[in-house]
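1. I would like to see how this sequence folds:
(chains A and B)
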Amino acid sequence: MAYRRVIYVSNTELTVYRIGKSEIRKDLIINNSETGNDTFLDYLQEIEKTPIPLLVDILEEEFHLERLPHLGRNDRNALVSRKQKQLVHGAHFARNKLLHREKTGRRDDRILFMAIRNEDILSPWLKSLNLAKIPIAGILSVPLMYEKLIKVIPKTEEMLLVTVIPSVYQGKFLVRQSYFNHHQLVLSRLNQLSVHNPENVAQEMAGEVNRMRRYLVRTYNLGSDQIFKTHFIAPEELLNTLRGQHSAPAQFDQGYHSEFHSVSSIGTRLGLSLPPGTPIPVLVSFWLGQKRLFESHYKDNTTVFYFYHYLARRVMYAASVLMLLGGVSYASTCLISAKNIGLQAEKLKYDIGRTEHKLKQTPPVESIKGYTPIQIEKMVQTAEKITENIVIPSALLDPISLVLSRYPTLTVESIEWGDSVVFAGSGNQALSNLADPANELYPGTGGGLKKNPIKTRLRGKIDPFDGDYRQAHLMVNRFIIALRSESAVQYAKVTQFPIDLSHQATISGEIGNSSNTSLKANFSV
Amino acid sequence: MDKLKPDFHLLRNGLISLAVSVVSSSIILFGANRIEDASLRVLEQNRNVSTILNQELENRIEGKRIVDTRNTQFLKLFDKGVWAIVDKLSWIEQLKGQADRLALPSLKYNLDARSGYEPVNSISTTGLTVYATPIFLDIGMIHEGDLVTLVSRLTRARLGFFSFDQCRIKRNKENADFEFDTPNIHANCTILWFEMEVQKGNDPNLAL
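-> Here you go, the predicted structure:
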């Protein structure tokens, strides 16, 4: 959005331009006087309080180009500050600008110092602006604005720009000569010509230009044999006169190359539609208004006070809008999320309805004997585990009794079972071996023992015993084989025969009729 | 003009707009959050209800399955008195009664202190604790069949689960004389009497 108004301040007058989309018109033009200030204040109080930039084009604006040693940031700031005090001491509006660093020699920094020497020209206007609480967008130096404007003119790295401004109140011509190096302003001077007649302007202006050239040569900004490129910008009528008089070579020193540009042609290159005869202040004001540059060449707290208010207000408006937008967008997210959650809740509600329907069709299982089904499950499982370890005497005694009934001469003296029963020798080891499913030593065991086998020891004797140990031995063996054939018996072995026939054993006895009654045939299984 | 003091008259509109924006945004955010929270609450409520109902349905289905598969077994065990509440006095009464009925020459008993039955407890995660009470019996019998009869009668006496864990049966004399007050066979047995206790606090499933 463009500035609605631009104020152009010269030594003699103040002009307020009103900027439109494609047009510019003078809203107010007043001379530099006390009555002018009152008129200005009245005018300001009538207009809206939008930011207005001030373009300053006055004689009292000084430019000094200095070489300073290239230093570190802090040292350079101190040096520049000290230099600025020396050059423009006491100037309220002053600034400096680092142009570039030289490429040869000591490689010094080239710094341009600028200042407005006579504040009295600006102060009344600034006071009126502050009284009317108009935000000042910036105080802009017209020569510095030319830096941007000359970019539309080709091959202007090093040139002298001469702008001719007719003064409305005094009827005299003002000539500003601005020298640019590498598109940067190096020096600028404003002169008021003493002549009123355009025909005499060229002659006086030529003298000023020659003086400028000599100064530039003397200050080593221009070589003595260097072609001095000069571009003239002026309204068409004046330009034609200048162009005609310029053809007379006597006006200028040797080594000049001059080009002439009308204000309207420069305007066209800048994209601005300006009628022929437009003076340069209109061009600069129009361009600034359209570009809306947020910069100020000169400023202090007073000048920016209401502009900061304006910015603060804008920031607050922007923050308000952002906050509202943020709130609305976050709220939208929440509402979308709430809608999705609501859909999930609805789906769950539907599922709940289905589950309730299923529940109606599936009546609860009543507790049985005071126990819930889950408890019953656990209890039965536990009971099964206990059952695996339960020993019922009849389960042990029945198969033994069954086999014994077939051997009436075998008399049982004792039966024992439980953990206390330990087999002598390799008996326990034999049980362990049988636990291996691959062990096929004993058919009918399925290659291994059943779960939780019970170790049982049976002690007995052959009664009556006639002393036939061979027969007794055979009978015990048959008994064992019969036991093994019982399905309830996992494993059986004889731990003690009626007589020990091993090579290590000692056998003793008595042979005779009376001795038969004392013979015993004990065995253990 | 006081340079240090901002002109609130100029900032008034900005401040008002900022305040209105803050209030409006807060109301909008608060309202939207409330709506979202309410939706979340409803969702959470429905989730809880759904979880409870689904759990209930699963329990019923599982209960039905258990009843279908386990009920017969459970009732059979129940009839055997496995789950009946038995105390030591019942055992003493039964032992005394059965000894009299069988006319056992002698029967000495000793009911020891109850302790956890680790062979089952150590591998069980069912929420039940199995306890075993050792009962030491010294039985003087006329005939070895007396032991089988005694066991059979004790089993029918609904004394719960028990196991003749260890036993030593020994003949007293060479030749039995079958006198009623003189035991021919002596049996020293250790019975393990099992009891099961439901640990309701430990297993939420058992509390159903």
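
2. per-residue confidence at the nearest residue to B:S26 once chain neighbours are set aside?
-> Closest residue to B:S26 apart from its sequence neighbours, by CB to CB, 6 or more residues apart in numbering or on different chains: A:G327 at 7.6 Å. (Each C-beta comes from the backbone N, C-alpha and C, glycine too.) A:G327 is assigned 91 on the pLDDT scale.

3. what's the neighbour count on A:G327?
-> 20 (other CB atoms under 10 Å in any protein chain shown).

4. and the gap between it and B:Y117?
-> Note on A:G327: its distance to B:Y117, by CB to CB, to the nearest Å, is 69 Å.

5. returning to that earlier point: show me the contacts for the residue nearest to B:S26.
-> Applying CB atoms under 8 Å, 6 or more residues apart in numbering or on different chains to A:G327 gives the contacts B:S21, B:S24, B:S25, B:S26, B:I28, B:L29.

6. switch the cut-off to 6 Å
-> Residues in contact with A:G327 (CB atoms under 6 Å, 6 or more residues apart in numbering or on different chains) are B:S25, B:I28, B:L29.

7. which of those lies closest to chain A?
-> When the contacts of A:G327 are compared for distance to chain A (CB to the nearest CB), B:S25 comes out closest, at 3.2 Å.

8. identify the residue nearest that closest one in space, chain neighbours excluded?
-> A:G327 (3.2 Å).

9. cool, and A:L397?
-> With sequence-adjacent residues excluded and distances taken as CB to CB, 6+ apart, A:L397 is closest to B:V148, at 6.4 Å.

10. my read is that that neighbour contacts A:S394, right?
-> Yes. Using CB atoms under 6 Å, B:V148 makes contact with A:S394 at a distance of 4.8 Å.

11. can you map out the helices along chain B?
-> B:8-79, B:88-102, B:118-121, B:145-156 (DSSP state H).

12. redo those helices as a markdown table? Include mean neighbour count.
-> Shown next, in a markdown table, are the helices of chain B (neighbours: other CB atoms under 10 Å in any protein chain shown):
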| stretch | mean neighbour count |
| --- | --- |
| helix B:8-79 | 15 |
| helix B:88-102 | 15 |
| helix B:118-121 | 16 |
| helix B:145-156 | 18 |
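
13. which stretch in those has the least confidence?
-> helix B:118-121 (a mean of 74).

14. and that helix, what does it pack onto?
-> Secondary-structure packing of helix B:118-121 (3 or more CB pairs under 6 Å, 6 or more residues apart in numbering or on different chains; DSSP states H and E): no helix or strand packs against it.

15. what bits of chain A have low per-residue confidence?
-> Along chain A, segments meeting pLDDT under 70 span A:1-2, A:156, A:167-170, A:198, A:245-255, A:421-452, A:512-518.

16. grab the nearest non-local neighbour of whichever residue of it sits closest to chain B.
-> Proximity of chain A to chain B (CB to the nearest CB) peaks at A:G418, 2.7 Å away. Spatial nearest neighbour of A:G418, excluding adjacent residues (CB to CB, 6+ apart): B:Q166 at 2.7 Å.

17. run a quick neighbour tally on that neighbour.
-> Counted with other CB under 10 Å, B:Q166 comes out at 20.

18. from A:H182, how far off is it?
-> Look at B:Q166 and A:H182: by CB to CB, they are 115 Å apart.

19. what do you get for A:T268?
-> 26 Å.

20. which of these two has more residues huddled nearby?
-> A:T268 (13 against 10).

21. any idea which helix or strand comes after the helix or strand where the more buried one lies?
-> Element membership for A:T268 (DSSP states H and E) is helix A:263-269. Next along the chain after helix A:263-269, taking DSSP H and E as the criterion, comes helix A:280-291.

22. same for that next one, what does it pack against?
-> So helix A:280-291, by 3+ CB pairs under 6 Å, 6+ apart, packs with strand A:5-10, helix A:263-269.

23. partner residues bridging the residue nearest to A:G418?
-> Counting by DSSP bridges, B:Q166 is bridged to B:T190.

24. any idea how far it is from B:T190?
-> 4 Å.

25. what sits closest to A:C334 if chain neighbours are left out?
-> Nearest non-adjacent residue to A:C334, counting by CB to CB, 6+ apart: B:A32, 3.7 Å away.

26. show me what contacts the one you found?
-> Contacts of B:A32 by CB under 6 Å, 6+ apart are A:A331, A:C334, A:L335.

27. check the secondary structure at the last one for me.
-> Secondary structure for A:L335, judged by DSSP: H, G, I helix; E, B strand; the rest coil, is helix.

28. and the closest residue to chain A within chain B, what does it touch?
-> Closest residue of chain B to chain A, CB to the nearest CB: B:Q166 (2.7 Å). Contacts for B:Q166 (CB under 6 Å, 6+ apart) come out as A:G418, A:S420, B:T190.

29. any chance of these in JSON lines, with neighbour count too?
-> Converted to JSON lines, the contacts of B:Q166 look like this (neighbours: other CB under 10 Å):
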{"residue": "A:G418", "neighbour count": "17"}
{"residue": "A:S420", "neighbour count": "14"}
{"residue": "B:T190", "neighbour count": "19"}
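
30. make CSV out of these and add distance to A:L272.
-> Shown next, in CSV, are the contacts of B:Q166 (distance: CB to CB, whole Å):
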residue, distance to A:L272
A:G418, 119
A:S420, 121
B:T190, 119
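
31. in stretch A:31-40, what counts as buried?
-> A:N32, A:G36, A:N37, A:T39, A:F40 (16 or more other CB atoms under 10 Å in any protein chain shown).

32. which stretches in chain A count as helices?
-> Using DSSP H, helices in chain A cover A:34-46, A:73-87, A:123-131, A:142-149, A:198-218, A:236-246, A:263-269, A:280-291, A:301-361, A:373-387, A:393-404, A:427-434, A:469-484.

33. mean neighbour count, those helices: which tops it?
-> helix A:280-291 (a mean of 23; mean count of other CB atoms under 10 Å in any protein chain shown).

34. could I have the CA atoms of that one written out in PDB?
-> Output in PDB follows, covering the C-alpha atoms of helix A:280-291 (Å, rounded to 0.1, in the frame of the first residue of the first chain):
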ATOM      1  CA  ILE A 280      11.900  16.600 -10.300                       C
ATOM      2  CA  PRO A 281      10.400  16.900  -6.800                       C
ATOM      3  CA  VAL A 282       7.200  15.500  -8.100                       C
ATOM      4  CA  LEU A 283       9.000  12.500  -9.600                       C
ATOM      5  CA  VAL A 284      10.900  11.800  -6.400                       C
ATOM      6  CA  SER A 285       7.700  12.200  -4.300                       C
ATOM      7  CA  PHE A 286       5.600  10.100  -6.600                       C
ATOM      8  CA  TRP A 287       8.200   7.300  -6.700                       C
ATOM      9  CA  LEU A 288       8.700   7.400  -2.900                       C
ATOM     10  CA  GLY A 289       4.900   7.300  -2.400                       C
ATOM     11  CA  GLN A 290       4.500   4.300  -4.700                       C
ATOM     12  CA  LYS A 291       7.500   2.400  -3.300                       C
END
